[in-house]
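K.L.:
Requesting a structural model of the entry that follows:
(2 chains, ligands or ions: 1)
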Amino acid sequence: MTHVRSLASLLVLTLMPGLTVADVGSRLWATGGVTTIEGSAGGGLVPMAVLSGYASDTEWGGTASLSRLTTDGYSFHGAGATVSAFNRVELSVARQTLDLDTLGASLGQDELAQTVYGLKVRAFGDLIYDPLGQWSVGIQHKRNTAEAISNAIGSRDNTGTDVYISGSRLFLAAVGGRNLLINGTLRATRANQTGLLGFGGDRNDDHELMAELSAGLLLNRHWLVGMEYRQKPDNLSFAREQDARDFFVAWFPHRRVSVTAAWVQLGDIAGLSDQQGPFAAIEASF
Amino acid sequence: MKIILAVLTSLLLLGGCQSPAPSAAAGEETLYNALGERSGIADIVEDMLYRIVEDPRLADDFRGIDVARFHRQLTDQLCHLSGGPCTYTGRSMEEAHAGMNVTEAQFNAVADHLVLAMETHSVPTGAQNRLLARLVPLHDRIVGH
Ligand code: HEM
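P.N.:
Numbering: from 1, shown residues only, chains lettered A, B, ... in the order given. Sure thing, here's the model as predicted:
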């Protein structure tokens, strides 16, 4: 009986114009990932094929984010903003600063800074509905303001451009009924420590292909846990580099908000060995 | 020896009594049960419909439809897809959505309302995801026609 009555009131509702305001973009929870330290949507270190925010084919949206990472020798601060349209194209800008807590005095400079301008285009596919997943190509143009230190350690340029291709796929109910997010990225780059230490060097001065991987499990639509792995070039004999990795937990208390915590291992940075530490980021989607 | 035998037989007997009545494929039934069987699915679909008609992304397309019919068809369809003993007697997805030019945004919006409705009815996350996985093949038949 209640059933019939509520169906009748539903009928009335279907005859009236829509009354409430649309939510932030339509894509499913957490499918915009979070913002990488270089500004593009992905995890913390590795970009993904997904575009930032929640914009679907008829929508646009964007994000703003802040991040922080501290290791023994350094503290890193990032700020990023993105705009995405029609689940097709993402524009991003990120500002990175690296405080030289330990090295500052000896190098006569307290911080390195870099701005990264990014463009990512979904080439084809879909994260969920295409069995081949979603494939995007991206470009990151980086300009750092660290000429003095770059010259001191022997990097060749203060600007550089990375080009990458990413494939991502969300497998529904893949592990114990939980959704599994898998991503692979191939990047051509000559950046030293993402560019904060300049581009190119005595050991190598060309773009090289680097593999980056990430995997995350959505425990439910609020919690994503996972890890990332990122190869880095090793261009400078003065400042050798190793690959980076991290383990992360991202919390989406609301569609529009995420808070990420991670443990990041970056290897040696500018001569200081085994830099690792906690990473935290907050992000808002609109 | 006798004691062991006795324990073994009683265990076997107990096991026999506890094993579920023979039925359709167990995995299939779990999802249908987790959704609360047909009546649970009917409630979820009703909840979903309230959300749909209040959503400006969808309301225009749904205005004036035969609500009772839609409710019954979608309930039967989800019941069937979840492994329940229902037969879907509605139109094919291509036919039902022909000429609507359903967008990705609209499809995602419907999926989101389904998720929220399932959550309201305390369907566990794993079951929610399993149902979504079974809707994936319908995507290409619904969007863009
Ligand atoms: C998971 C996604 C969807 C499923 C499983 C689904 C399923 C169905 C089913 C079973 C029917 C009834 C067919 C019949 O009565 O013969 C139907 C009708 C309808 N669907 Fe969908 N649908 C989905 C998405 C959408 C979307 C995104 C729209 C957006 C506009 C939409 C709009 C409609 C409308 C307006 C009708 C009523 C058509 C009529 O009675 O003339 N559906 N759908």
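
K.L.:
Count the neighbours of the residue of the stretch 101-250 of chain A found nearest chain B for me.
P.N.:
Nearest residue of the stretch 101-250 of chain A to chain B, counting by C-beta to the nearest C-beta: residue A:177, 2.2 Å away. Where you see a C-beta, it was placed from the backbone N, CA and C, and this is true even at glycine. For residue A:177, the count of nearby residues is 17 (other C-beta atoms under 10 Å in any protein chain shown).

K.L.:
what's the closest non-adjacent residue to it?
P.N.:
residue B:126 (2.2 Å; C-beta to C-beta, 6 or more residues apart in numbering or on different chains).

K.L.:
How about residues contacting whatever helix or strand that neighbour lives in?
P.N.:
Assigned by DSSP states H and E, residue B:126 belongs to helix B:125-142. With contacts defined as C-beta atoms under 8 Å, 6 or more residues apart in numbering or on different chains, helix B:125-142 is touched by A:128-129, A:172-173, A:176-179, A:219-221, B:30-31, B:34-35, B:78, B:81-82, B:92-94, B:97, B:102, B:107, B:111, B:114-115, B:118-119.

K.L.:
For PyMOL, write the selection for the buried entries among those residues.
P.N.:
In PyMOL syntax, the buried subset of these is picked out as below (16 or more other C-beta atoms under 10 Å in any protein chain shown):
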select buried, (chain A and resi 128+129+172+173+177+178+179+220+221) or (chain B and resi 31+34+35+78+81+82+93+97+102+107+111+114+115+118+119)
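
K.L.:
Show me the contacts of helix B:125-142 that map onto helices.
P.N.:
Those of the contacts of helix B:125-142 mapping onto helices are B:30-31, B:34, B:78, B:81, B:93-94, B:107, B:111, B:114-115, B:118-119, per DSSP state H.

K.L.:
could I get the helix holding residue B:126 in CSV with only the CA atoms?
P.N.:
Presented in CSV, the C-alpha positions along helix B:125-142 are these (Å, rounded to 0.1, in the frame of the first residue of the first chain):
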residue,chain,number,x,y,z
THR,B,125,30.3,-2.3,-0.6
GLY,B,126,31.4,-5.6,-2.2
ALA,B,127,27.8,-6.4,-3.3
GLN,B,128,27.4,-2.8,-4.6
ASN,B,129,30.5,-3.2,-6.7
ARG,B,130,29.5,-6.6,-8.0
LEU,B,131,26.2,-5.2,-9.2
LEU,B,132,28.0,-2.3,-10.9
ALA,B,133,30.3,-4.8,-12.6
ARG,B,134,27.3,-6.5,-14.1
LEU,B,135,25.9,-3.2,-15.4
VAL,B,136,29.1,-2.5,-17.3
PRO,B,137,28.1,-4.4,-20.4
LEU,B,138,24.9,-2.3,-20.6
HIS,B,139,26.9,0.9,-20.9
ASP,B,140,27.5,0.8,-24.6
ARG,B,141,23.9,-0.2,-25.3
ILE,B,142,22.5,2.7,-23.4
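
K.L.:
which parts of that helix are buried?
P.N.:
So for helix B:125-142, counting by 16+ other C-beta under 10 Å, buried means B:125-135, B:138-139, B:142.

K.L.:
Tally up the residues packed near the closest residue in space to residue B:37 that isn't next to it in sequence, please.
P.N.:
Of all residues not flanking residue B:37 in the chain, residue B:84 sits nearest, at 6.6 Å (C-beta to C-beta, 6+ apart). Using other C-beta under 10 Å, residue B:84 has 21 neighbouring residues.

K.L.:
so who does residue B:84 touch?
P.N.:
B:32, B:35, B:37-38, B:41.

K.L.:
let's go with 7 Å and repeat that
P.N.:
Residue B:84 makes contact with B:32, B:37-38 under the criterion C-beta atoms under 7 Å, 6 or more residues apart in numbering or on different chains.

K.L.:
same check, this time on residue A:83
P.N.:
A:60, A:62, A:91.

K.L.:
which residue packs closest to the first one, ignoring adjacent ones?
P.N.:
Closest residue in space to residue A:60, ignoring its immediate chain neighbours: residue A:85 at 4.3 Å, by C-beta to C-beta, 6+ apart.

K.L.:
ok, what's across the strand from the one you found?
P.N.:
residue A:60, residue A:89 (DSSP bridges).

K.L.:
Test my guess that it contacts residue A:56.
P.N.:
No. Residue A:85 sits out of contact with residue A:56 when judged by C-beta atoms under 7 Å, with a separation of 10.6 Å.

K.L.:
More neighbours: which of the two?
P.N.:
When neighbours are counted by other C-beta under 10 Å, residue A:85 and residue A:56 differ, and residue A:56 comes out ahead with 22 against 17.

K.L.:
what helix or strand is the closest residue to that one other than its chain neighbours on?
P.N.:
Leaving aside its sequence neighbours, residue A:56 sits nearest to residue B:105 (C-beta to C-beta, 6+ apart; 3.6 Å). Element membership for residue B:105, per DSSP H and E: helix B:104-120.

K.L.:
what's residue B:41 in contact with, if anything?
P.N.:
Residue B:41 neighbours (C-beta under 7 Å, 6+ apart): B:35, B:75, B:78-79.

K.L.:
which residues in the stretch 101-250 of chain A form helices?
P.N.:
For the stretch 101-250 of chain A, applying DSSP state H, counting those that start in this stretch gives helices covering A:104-107, A:147-153.

K.L.:
Do a quick rundown of the strands in the stretch 1-150 of chain A.
P.N.:
For the stretch 1-150 of chain A, strands defined by DSSP state E, counting those that start in this stretch occupy the ranges A:34-35, A:41-42, A:60-70, A:75-85, A:89-99, A:111-125, A:134-144.

K.L.:
Name every strand pairing with the last one and say which way it goes.
P.N.:
Partners of strand A:134-144 in the sheet, by DSSP bridges, are strand A:111-125 (antiparallel), strand A:159-175 (antiparallel).

K.L.:
What is the burial count for the closest residue to the ligand within chain B?
P.N.:
Nearest residue of chain B to the ligand, counting by C-beta to the nearest ligand atom: residue B:90, 2.9 Å away. By other C-beta under 10 Å, the residues close to residue B:90 number 14.
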